[in-house]
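Engineer: I would like to see how this sequence folds:
(chains A and B)
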Protein chains: 2
Amino acid sequence: MNVMVKANRRKLDLKSGRVDLSHGAGGRAMGQLIEGIFHKAFDNEWLRAGNDQSAFMVPGGRMVMTTDGYVVSPLFFPGGNIGSLAVHGTINDIAMAGAVPLYLSASFIIEEGFPLADLDRIAETMGAASREAGMPIITGDTKVVERGKADGVFISTAGVGMVPAGLDLRSDATRPGDVVIVSGSIGDHGVAVMSKRENLEFDTDIVSDSAALHGLVAAMVEATGASIRLMRDPTRGGLAATLNEIANASKVGFRIDEEAIPINPEVAAACELLGLDPLNVANEGKLAAVVAPEAADALLAAMRAHPLGREAALIGHVVADDNCFVQMATSFGGGRIVDWLSGEQLPRIC
Amino acid sequence: MNVMVKANRRKLDLKSGRVDLSHGAGGRAMGQLIEGIFHKAFDNEWLRAGNDQSAFMVPGGRMVMTTDGYVVSPLFFPGGNIGSLAVHGTINDIAMAGAVPLYLSASFIIEEGFPLADLDRIAETMGAASREAGMPIITGDTKVVERGKADGVFISTAGVGMVPAGLDLRSDATRPGDVVIVSGSIGDHGVAVMSKRENLEFDTDIVSDSAALHGLVAAMVEATGASIRLMRDPTRGGLAATLNEIANASKVGFRIDEEAIPINPEVAAACELLGLDPLNVANEGKLAAVVAPEAADALLAAMRAHPLGREAALIGHVVADDNCFVQMATSFGGGRIVDWLSGEQLPRIC
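Structural biologist: Residues are numbered from 1 along each chain as shown, chains lettered A, B, ... in the order given. Below is the predicted model:
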C-alpha cells in the first residue's frame, strides 16, 4: 500500500494533445483539463470557487446547483447500479454545501440495442432512490446513438437545493488546528465495482456504499452548525484527492493517521491484491468534514447516532504548510506523503 | 414532400425489447419509451405535465428547470457546434416557459483520443454563447471513456430560470379559435447538419438557425403577456411533432396553411432531394406560439421587430377535434394530415 506515483506535471497541449483516461480520473490531469479548457472558456467566479456545486441567490435565499455524468462500468454492481449512483451522487454534491436537496433532472444517452429490461431496472432504481430522498426527478431528456457509439447507457443528472439561512461552507475555509472527520469506511464503492469488471472478477462480499448523505448532513448541521468549515464526498480519486484538493484550496497541509482511517478488512485485502491504495479508491456514500477542534466531539456523537455515520472517525488535523502536503503516519510507525494520482487508476468507477 | 409514414403503434416490450434509434427521434416511439419507462418509474406531477421544462416554487417566486443531452453528429456544422447548440437548446427550453434564464450546468462525456483542440473550440463557443445570453455555466463535470465507447464528445446541459410573476404557460392551455405563429423559417438546423454528414455531403449555403430565444420571448411577453397560451421550440421531430404534441396535450386539432409557413428555398430544395418533409426537420432557433386571436397582430408586430422574429408568420389556427389531428391545406389546393414520424428520420440531429 505504499505506491508512490510521480506527479504528472506535463502541460496541456491544446494544439496537438488528445484526451486520455487520466483526464477523467479525478486527479491532477483532470484538474489541468478543467482549468486549461473549461474554466478558461467559461470564466466566471462560480467555477473559480472550485466546489462540486455552485451557489446563487434567489429572492428567497441561497440555492446551489450541481451536475455529474455517470459512465460506470459495469452498469450493475453489488449495492446499486448507474441509476441509484446518479441520484445519490447528485444529492451528495448538493448536501456537501449543507443544502437541502430539492429537484433533480436526468439526461439519458442510450446505445442502440440496449435492452429495455435493463433500462427499466435502472429507471426503477433511480425513481426509488429519488423518492426515498424526497428529491423528485422533475425533467429529463433521452437521446439514442448508433450501436458502438456509446456503452449501454450514460446518465447525466443535475440538481438544485436550498441552503439553510446562515450556513456558508467554502472550499477555502480550512485553517490550522481544525480536525478532519470521515463518516465511515473508505474504498467500498471502488472495490465493489472493480470486483465485477470482466477482466478482473474476484470474489468478495463488498457492496458499494452508494447512499444519499443529506440526512446525515442535516444531523451534522443541526449539531454543530457554523463550526463545520466544509464537507466533501471523496468520490473519484478517493480520500487522497479530496484532502489534497482541500489543502490546495485553503493553502494548508494535513497530518492524518493511517490507523484511525476506517477500512473494511475485505477492502484492504482486495486493494492489496490489486495493488491499489484504498486512499485513492472511490466512495459514493461517505463524506469528509473539516471542523473546528472544539466541535469535534459533538459532531462525532451526532454522526455516530445516524445510520450512515456509525463508523465516523477523527483521522487527523490541519497544519500550516506552504507546500500543501497531506502527510500520513503509517501503521508501521513511519510516515509518507499522500499524493493524488496523476494517472488513471480506476477508469469508469462512477 | 408528401411522405406519409404509417403510425407505429407497437407496444414497448419491456421483457425482451431493445432500444432503437426511433426511441430518440422525438416522435411517437420516443413518447412510448419516456411514458413506459421513465414516467412510470419516476412517477410525479411534473413529468406528467409533459413540458420541456418543469416549474417549482421557491420562496420569492416560480422557477423552472430543464435538461438536454447533445449527441449531434458531426460535432461541427455550419452555424455552430455541439457546444453552442447545448447552450442555446437549454436556454430555449427555459425561455419557452416565458422564464428568464439564470444559470447553466454542463456535463461532458468524452471519448479517449478526442483532440484537445476540438474540445477547446467547443468550450470557447459554449462560453461565448452563455456570456452572450447572460446565463453563466456555474458548475460542471467531466468523464472520459475508452476509445470506441463514445463518439467524440457528448454534452448534457441543465438550466434554471425564473418565471415573471403572473405568467403561467401550460402545455394544455390551447383552445379552439387560438392562432399559431412561428417565429421564422423552418428546417434550417436539420438541413445544415445533414449537409455535413459523411455519407451525405451536399452543397448548400444553409446554416443552422441555432440561437438563444429568450430575448425574443421577453419581447413577446412584454407585448401580449397573458394572451400567449404556450410556446414550444420545434427541435427533434420538427414543427410536425410540436403541433401534434400540443394538440394531444390540449385535446384540440390544428388547421395550418402550407403556403403561410416560412421555408428557405434552399431548405425546401434540400428536403426535396433527401426525400424529407421540412415539417419533420429540426430547428434550434425557432419557436411556435399559440395565442388568443385578438392578440395576434400585436404579437406578430413585436416579433417582427426583433432580429430573431423578422420572418414571424401566422400559419394556422386551433380547432375542436377529438382526433387531435393536425391538418394542412397544401400549396396544390389539397389537404393532408401532418403526422409525427414514428421512425427515425434524422438521427443525432441535436
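
Engineer: which residues touch the residue nearest to residue A:319 when sequence neighbours are not counted?
Structural biologist: Excluding the flanking residues, the one nearest residue A:319 by CB to CB, 6 or more residues apart in numbering or on different chains is residue A:253, at 4.7 Å. From N, CA and C alone the C-beta is placed, and that goes for glycine too. Applying CB atoms under 8 Å, 6 or more residues apart in numbering or on different chains to residue A:253 gives the contacts A:247, A:318-321, A:323-327.

Engineer: which one among the residues you listed gets closest to chain B?
Structural biologist: For these, the residue nearest chain B by CB to the nearest CB is residue A:247; the value is 21.6 Å.

Engineer: restricted to buried residues, select the contacts of residue A:253 in ChimeraX.
Structural biologist: In ChimeraX, this line selects whichever of these come out buried by 16 or more other CB atoms under 10 Å in any protein chain shown:
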select /A:247,318,321,324,325,326,327
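
Engineer: out of the contacts of residue A:253, list just those in strands.
Structural biologist: A:318-319, A:326-327 (DSSP state E).

Engineer: quick check: the two most widely separated of the residues you listed?
Structural biologist: Using CB to CB, the ones in strands among the contacts of residue A:253 span at most 11.5 Å, a distance reached by A:318 and A:327.

Engineer: overlap in contacts of those two?
Structural biologist: A:253-254.

Engineer: how about the residues of the stretch 151-300 of chain A near chain B?
Structural biologist: A:151, A:154, A:156, A:158, A:160, A:162 (CB under 8 Å from any CB of the partner chain).

Engineer: if we use 10 Å, what do you get?
Structural biologist: A:151-160, A:162, A:236 (CB under 10 Å from any CB of the partner chain).

Engineer: just flag the most distant two among those.
Structural biologist: In these, two members sit farther apart than any others by CB to CB. They are A:151 and A:162, at 35.3 Å.

Engineer: as JSON lines, the ones in strands among the contacts of residue A:253 with pLDDT and distance to residue A:241 would be great.
Structural biologist: Formatted as JSON lines, the ones in strands among the contacts of residue A:253 follow (pLDDT from 0 to 100; distance: CB to CB, whole Å):
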{"residue": "A:318", "pLDDT": "98", "distance to residue A:241": "17"}
{"residue": "A:319", "pLDDT": "98", "distance to residue A:241": "19"}
{"residue": "A:326", "pLDDT": "98", "distance to residue A:241": "10"}
{"residue": "A:327", "pLDDT": "98", "distance to residue A:241": "16"}
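
Engineer: torsion angles phi and psi at residue A:269?
Structural biologist: Here is the backbone geometry of residue A:269 (degrees, to the nearest 10): phi -70, psi -40.

Engineer: what pLDDT does it get?
Structural biologist: We have a pLDDT of 94 for residue A:269.

Engineer: distance of it from chain B?
Structural biologist: According to CB to the nearest CB, to the nearest Å, residue A:269 and chain B sit 28 Å apart.

Engineer: who touches that residue in this structure?
Structural biologist: A:191, A:204, A:206, A:263 (CB atoms under 10 Å, 6 or more residues apart in numbering or on different chains).
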